[in-house]
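K.L.:
got a sequence here, can you build the structure:
(one chain, ligands or ions: 4)
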Amino acid sequence: MKMYYDKDVDNDALAGKTIAVMGYGSQGRAQSRNLADSGCNVIIGLREGGKSWQIAKDDGMTVKTFDEAAKEADIIHILLPDEIQADVYEKHIKPYVETGNTLACSHGYNVHFDLIEPPEDVNVIMYAPKGPGSMVRETYLQGFGIPGLVAVEQDATGDALQIALGMAKACGFTKAGVIETTFKEETETDLFGEQAVLCGGLTELINAGFQTLVEAGYQPEIAYFETCHEVKLIVDIIYKKGFAGMWKDVSNTAEYGGLTKGPQVITDEAKEGMKKVLSDIQDGTFKDDFAAENATDAANLKEMRAASQKLDIEIVGTRLRKACGLQDDDE
Ligand SMILES: NC(=O)C1=CN([C@@H]2O[C@H](COP(=O)(O)OP(=O)(O)OC[C@H]3O[C@@H](n4cnc5c(N)ncnc54)[C@H](OP(=O)(O)O)[C@@H]3O)[C@@H](O)[C@H]2O)C=CC1
Ligand SMILES: CC(=O)[C@](C)(O)C(=O)O
Ligand SMILES: [Mg+2]
Ligand SMILES: [Mg+2]
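P.N.:
Numbering: from 1, shown residues only. Ligands and ions are numbered 1, 2, ... in the order given. Predicted coordinates for the structure are as follows:
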């Protein structure tokens, strides 16, 4: 495992280079502001008339169409939703990519699954934060940064890795450190993590716990505090001190109960389910499924999103977070 920190970065790696960040959403806004605050020459590529055009302008960014930004850029960093990157690349980026340019991303999905096939005479790099856009910006402003990954798929100019490290450093990631990986490893592990643990698995676990208590007749508010609100508090300990630190911080009662009953909940069957999630990612089943979903205007996703927002835990949680002054109403 090779890890890079601030000290490993050539501070001239980005000298004289114009960076076009395509997209100004969760990652685009956070990374663009970090890059700009670190002294990089950043322009933003967006579709005219979209919501983020004015947001970027209000942030003081130089905003251009995708085509204009791609024409001007030495480094084109694509921070658009994965499902639309290939279309925007083909129509608004590919015609302007020149020999020696750099194509960058923060998730290897489109390159790994050959949905974007860059020309051979450009650098193809990735630097990926292991966390959401909000934390990319928040930790940077705190003078630190979240850890991440860095990968080089193509090195046309001989300094592709240093360009990736320079951008990661400008975003704050090399303060915590970035691990060198490949587009395949980042893509497959990131998809697995968000499906089986961080987003999919965790919400199913929390909701199942909430439903179990409510169906047994306990107050929904207590069920919410116990199975959802407190998850952050426990995970914050794991984040800083690992499992051992958490087990040490909680009561012996919780430690004994957790160690004996945890495997009764996350059973071998759950582990088999995780292996199926991973094999579906590895063999392209998920990629094809996601492409089919987006070919139908993401109808199923919209239906599932609407159903999720109507869950009892969401109703109870919104009410409680407001009552406790915890509700964060930003988008
Ligand atoms: N979200 C995260 O925390 C993380 C994301 N990543 C990766 O970063 C990349 C960007 O993800 P993320 O920041 O979440 O993306 P977002 O969904 O937040 O991107 C929104 C941006 O994309 C533009 N956009 C959306 N749809 C279209 C469209 N059809 N045509 C043109 N522009 C469009 C929006 O512009 P408009 O205002 O015009 O709609 C907006 O600027 C992805 O590869 C993702 O996997 C990696 C790590 C973490
Ligand atoms: C925030 C993050 O790392 C995710 C879950 O992989 C994503 O948003 O794609
Ligand atoms: Mg991720
Ligand atoms: Mg992801």
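K.L.:
what does the stretch 101-250 of the chain have sitting close to ligand 4?
P.N.:
Within the stretch 101-250 of the chain, the residues that sit near ligand 4 (CB under 5 Å from the ion) are 190, 194. Placement of C-beta: from N, CA and C, glycine included.
K.L.:
would you map the strands across the stretch 101-250 of the chain?
P.N.:
Listed in chain order, the strands of the stretch 101-250 of the chain (DSSP state E, counting those that start in this stretch) span 102-105, 123-129, 148-154, 178-180.
K.L.:
hmm, who's touching the shortest one?
P.N.:
Surrounding strand 178-180, the residues in contact under the criterion CB atoms under 8 Å, 6 or more residues apart in numbering are 1-4, 127, 147-151, 161, 165, 168.
K.L.:
switch the cut-off to 7 Å
P.N.:
The contact list for strand 178-180, computed with CB atoms under 7 Å, 6 or more residues apart in numbering, reads 1-4, 127, 147-151, 168.
K.L.:
pull up the gap between K261 and ligand 1, please.
P.N.:
K261 is 33 Å from ligand 1, where distance means CB to the nearest ligand atom, to the nearest Å.
K.L.:
name the residues of the strand or helix carrying that residue that are buried.
P.N.:
Using DSSP states H and E, K261 falls within helix 252-265. Across helix 252-265, burial judged by 16 or more other CB atoms under 10 Å covers G258.
K.L.:
how about the strands of the stretch 101-250 of the chain in a markdown table, adding mean neighbour count?
P.N.:
Below are those laid out as a markdown table (neighbours: other CB atoms under 10 Å):
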| stretch | mean neighbour count |
| --- | --- |
| strand 102-105 | 25 |
| strand 123-129 | 26 |
| strand 148-154 | 22 |
| strand 178-180 | 21 |
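K.L.:
mind putting those strands into JSON lines with mean pLDDT and distance to M304?
P.N.:
Output for those, formatted as JSON lines (pLDDT from 0 to 100; distance: least, CB to CB, whole Å):
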{"stretch": "strand 102-105", "mean pLDDT": "98", "distance to M304": "26"}
{"stretch": "strand 123-129", "mean pLDDT": "98", "distance to M304": "26"}
{"stretch": "strand 148-154", "mean pLDDT": "98", "distance to M304": "29"}
{"stretch": "strand 178-180", "mean pLDDT": "98", "distance to M304": "33"}
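K.L.:
any chance of the ones you listed in CSV, plus distance to ligand 1?
P.N.:
Below are the strands of the stretch 101-250 of the chain laid out as CSV (distance: least, CB to the nearest ligand atom, whole Å):
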stretch, distance to ligand 1
strand 102-105, 6
strand 123-129, 6
strand 148-154, 9
strand 178-180, 13
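K.L.:
count the neighbours of L35 for me.
P.N.:
L35: 23 surrounding residues under other CB atoms under 10 Å.
K.L.:
so it sits against I43, correct?
P.N.:
No - taking contacts as CB atoms under 7 Å, L35 lies outside contact range of I43: 10.5 Å.
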